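Q: Attaching a predicted model along with its sequence, questions to come.
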Amino acid sequence: MSDSHDEKLDAMLRARGVKAPSEDLAERIILQARGIPQAQNSSLWQVIRQLFAEFHLPKPGYVLASALILGMVVGFNMPSDGPAPQDGTAPTIQSVFSPEEALL
Amino acid sequence: MADRPDINDDELLERIQDGSHEAFSVLVRRHTERFYRLAFRFVQNKEGAEDIVQDAFVKLWEDPAKWRPERNTKFTTWFYRVVVNLCLDWQRKKRPTELEDEALLSDERPSVDERLIRAEEQAMLEKETASLPERQRTALHLCFEEGLSNQEAADIMGINLKALQSLIMRAKATLKERMRSYL
C-alpha cells in the first residue's frame, strides 16, 4: 500500500506543469543588462588577464608555466661554479693576469 | 548572437568578466528557460519567476567577479543556487503560494471530470508543498526538476547525497500524510 502511495505521489510530483515563459524573456534580460555598467572591482589576477588580452598574449597561466620551464632548462644547462678540476687546466686568478701583472 | 555550442559556459563567463555583452547574450539565451522552470516550481507564478530569473542574470552581469572558476563548480550548479535563494526570498516576502487560476498539468486527459479531479489534486499538492519547511521544499523542487540528478541537487544545496535523500524522505512522508485522501 505504502509503495503505491509513493508511486502515486511521485507521479503527482512529476505531473506538475510549468507555465511557459514569455517569448521575449531572454531578450528583455539582455536589453536590461545593456544599460547597466559592470562593477570595476578587479582582482590582481583579473588585471593581469586584461593586460594579456590587451596585448593579445596567450593566457597568463601558459606564459608563466612556459617561463618557469624555460628558466629551469636554462638554469640546469648553465655551467656550475663548482670546485676546479684537478688536472691543473682550470683557469686560476693568477693565470688570467699576464706575467707582468701577476700578484706580487 | 546565436548560441555558440563550441564555447562552453566557463569561457563565456571569462568573456563576460572581460566585459563582453555578446557572451552574456549567449549565456542568457542558453539558460533562461531552465532557470525559469525551476523558479516557477518554487513560486508558481509566471511573472514572479520571470522577475527572479531576470534579477539573477542582471546581477551576474553587474558583478561577474562573483563567479569564481577556481571553486571547481559547474556554472549551472552555482547559478541554480543563486536562483533558489532568490526564490526563497521572494516566497518570504509574498504569500507562500500565489497559485495560478488553474493548476497546471503536464499531461492531457480526455475526460473533463478527470481533468477537474487532477487539477484539484495538483492544487492541493502545491498548497501542501508550499507549507513544507524550506530545505525540504527546496530538495523536492530540485529533485523533481527535469534534467537534474540527485547528486546535482545535493551540490546545489551544498549538502551530501544522504542528507538530500533524508530531506526528500521527510518531505514525502509529510505530503503522504497530508494528502492521504488523494493517494
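A: Here it is on my side, so go on.

Q: Only the buried residues of stretch B:80-91, if you could.
A: For stretch B:80-91, the buried set under the neighbour-count rule, 16 or more other C-beta atoms under 10 Å in any protein chain shown, comprises B:80, B:82, B:83, B:84, B:86, B:87, B:88, B:90, B:91. Backbone N, C-alpha and C define where each C-beta goes, glycine included.

Q: and the residue in chain A that chain B sits nearest to, how many neighbours does it have?
A: Relative to chain B, the nearest point of chain A is residue A:17 (3.1 Å; C-beta to the nearest C-beta). Counted with other C-beta atoms under 10 Å in any protein chain shown, residues neighbouring residue A:17 total 15.

Q: Give the phi and psi angles for it, as a check.
A: When read as degrees, to the nearest 10, the backbone of residue A:17 gives phi -90, psi 170.

Q: got CSV for the buried residues of stretch B:80-91, with secondary structure, distance to chain A and pLDDT too?
A: Formatted as CSV, these follow (DSSP: H, G, I helix; E, B strand; the rest coil; distance: C-beta to the nearest C-beta, whole Å; pLDDT from 0 to 100):
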residue, secondary structure, distance to chain A, pLDDT
B:80, helix, 15, 95
B:82, helix, 14, 95
B:83, helix, 13, 96
B:84, helix, 16, 95
B:86, helix, 14, 96
B:87, helix, 14, 95
B:88, helix, 18, 93
B:90, helix, 16, 93
B:91, helix, 16, 88
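
Q: nearest to residue A:48, of those?
A: residue B:82 (27.1 Å; C-beta to C-beta).

Q: and the closest residue to the closest one other than its chain neighbours, how many neighbours?
A: The spatial neighbour of residue B:82 that comes closest, neighbours along the chain excluded (C-beta to C-beta, 6 or more residues apart in numbering or on different chains), is residue B:56 at 5.2 Å. Look at residue B:56: counted by other C-beta under 10 Å, it has 22 neighbours.
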